[in-house]
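> Structure for the following, please:
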Amino acid sequence: MTEAMATTAHPHIGPAWTMTPGTRPDRYASALTSGANVALVDLEDSVAADAKDTARRGARAFFAQDGGLCILGIRINALATRDGIKDLAALAAYPRKPDLILLPKTESARDIHLLSAVLDTPAYTPDLFALIETPRAIDHLPEILTAPRLSGVVFGSADYSLELGTGTGWEAMRHARHTIANCCAAAGLMAIDTPFFDLHDLDGLIAEARRAKEIGFHGKGAIHPRHLPHITEVFRPTDEEIAEARAVVAAAEQSGDHITSVDGRMRGTPFFARARRLLASIGERPEQPK
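Okay, the predicted model is just below:
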């Protein structure tokens with residue numbers, strides 16, 4: 001994966017993700033005005049087994065809405081389940097289809113291949129995200145990320161911690177998070193962090209989101225709309241980061257991309273690339289050196 005490819009992977013997908021149960025059509029409209037960049041309707045964990053058919057039918061209305069700048073997506077059931085197969089058949093018949101599909105229990109590239117083989121048409125190629133939530137998926141992650149139709153990965157700590165027999169705290173999830181961030185960076189794909197499960201601990205949410213950003217995640221799920229503005233704020237470049245990036249790019253251009261110093265700190269090729277990437281993410285595209 002080249003630097004240029006890594007910097008441009010799916011820039012249209014923002015950092016703040018939310019999810020609404022398919023059985024709650026009364027919440028569909030509010031999901032679009034919640035401040036989320038990606039709004040998912042859920043057919044999986046938030047829907048009881050005896051309500052799957054109802055959610056599957058009702059989710060059609062979610063995509064009948066005008067999402068505006070909000071990407072509308074769906075979390076289907078795992079493909080190894082009967083409900084997952086029913087979900088694929090239902091999606092193929094939706095008059096207006098999801099922009100993004102999140103596949104739970106992804107454990108191989110074949111899962112992504114199957115999903116795209118069933119749903120892709122010449123006029124429809126949604127963004128496909130793998131929900132990584134099992135130890136097997138972590139072990140097989142480099143192979144999973146070879147799927148050519150994959151747009152990125154979402155970490156699911158609840159199911160992962162269940163299989164490990166641990167809590168969902170940072171230390172218990174450290175290995176999984178670092179593996180996901182590293183493998184996604186190597187593949188040039190997005191990595192979205194698991195939600196923070198304490199509804200009222202906003203300081204804890206902000207601290208965890210900052211740590212996720214520091215190790216390479218591009219966004220985070222939210223369990224409640226009140227979490228969304230904090231996630232957006234954390235993952236948005238700060239004024240200080242933008243000012244520093246502009247200074248680094250200016251120094252790079254002045255030095256002809258040779259090693260130099262900015263505010264007493266050595267800066268070279270990796271720092272130049274990072275600064276240009278940050279400015280590109282906010283719509284500034286400095287000229288590359290000839």
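> burial count for the closest residue to Gly156 other than its chain neighbours?
Once flanking residues are discounted, Gly156 sits nearest to Glu133: 3.2 Å by C-beta to C-beta, 6 or more residues apart in numbering. From N, CA and C alone the C-beta is placed, and that goes for glycine too. Each residue near Glu133 was counted by other C-beta atoms under 10 Å, and the total is 26.
> From Ala55, how far off is Glu133?
From Glu133 across to Ala55, the span is 20 Å (C-beta to C-beta, to the nearest Å).
> show me where the stretch 51-200 of the chain has strands.
71-75, 100-103, 127-132, 150-155, 190-193 (DSSP state E, counting those that start in this stretch).
> Out of those, which is closest to Thr168?
strand 150-155 (10.6 Å; C-beta to C-beta).
> what residue ranges in the stretch 101-250 of the chain score low on pLDDT?
Along the stretch 101-250 of the chain, the model assigns pLDDT under 70 to no residue.
> Isn't Asp87 up against Ile76?
Yes. Asp87 lies in contact with Ile76 (C-beta atoms under 8 Å); the separation is 3.9 Å.
> Need the overlap of contacts for those two.
Leu43 (C-beta atoms under 8 Å, 6 or more residues apart in numbering).
> Ok, which of the strands of the stretch 51-200 of the chain comes nearest Leu199?
strand 190-193 (16.9 Å).
> partners of the closest one in the sheet?
strand 150-155 (parallel), strand 219-222 (parallel) (DSSP bridges).
> Pull out the buried residues from the longest one.
Of the residues in strand 150-155, those scored as buried under the neighbour-count criterion (16 or more other C-beta atoms under 10 Å) are 150-155.
> Helices of the stretch 1-150 of the chain, start to end?
3-7, 28-32, 52-63, 82-93, 109-119, 135-139, 141-144 (DSSP state H, counting those that start in this stretch).
> Compare the strands of the stretch 51-200 of the chain and give me the one nearest Ile242.
strand 190-193 (21.0 Å).
> just the CA coordinates of the closest one, formatted as PDB?
Output of strand 190-193 as PDB, limited to C-alpha atoms (Å, rounded to 0.1, in the frame of the first residue of the first chain):
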ATOM      1  CA  MET A 190     -10.400   2.600   7.900                       C
ATOM      2  CA  ALA A 191     -10.500   1.400  11.500                       C
ATOM      3  CA  ILE A 192     -13.500   2.400  13.600                       C
ATOM      4  CA  ASP A 193     -13.300   1.800  17.400                       C
END
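> Show me what that strand is in contact with.
9-10, 13, 15, 17, 129, 151-155, 177, 180-181, 184-185, 208-209, 212, 216-221.
> From the residues you listed, list the buried ones, please.
9, 13, 15, 17, 129, 151-155, 177, 180-181, 184-185, 208-209, 212, 216-221.
> Can you report how many residues lie near Thr146?
11.
> roughly how far apart are the closest residue in space to it that isn't next to it in sequence and Leu88?
Nearest non-adjacent residue to Thr146, counting by C-beta to C-beta, 6+ apart: Ala109, 5.3 Å away. In this view, Ala109 and Leu88 are 17 Å apart by C-beta to C-beta.
> and Arg246, which of the helices of the stretch 1-150 of the chain is closest to it?
Of those, nearest to Arg246 by C-beta to C-beta is helix 3-7, at 16.6 Å.
> Go through the helices of the stretch 1-150 of the chain and name the closest to Glu241.
helix 3-7 (15.7 Å).
> As a markdown table, the strands of the stretch 51-200 of the chain with distance to Gly35 would be great.
What follows is those, written out as a markdown table (distance: least, C-beta to C-beta, whole Å):
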| stretch | distance to Gly35 |
| --- | --- |
| strand 71-75 | 13 |
| strand 100-103 | 17 |
| strand 127-132 | 20 |
| strand 150-155 | 19 |
| strand 190-193 | 16 |
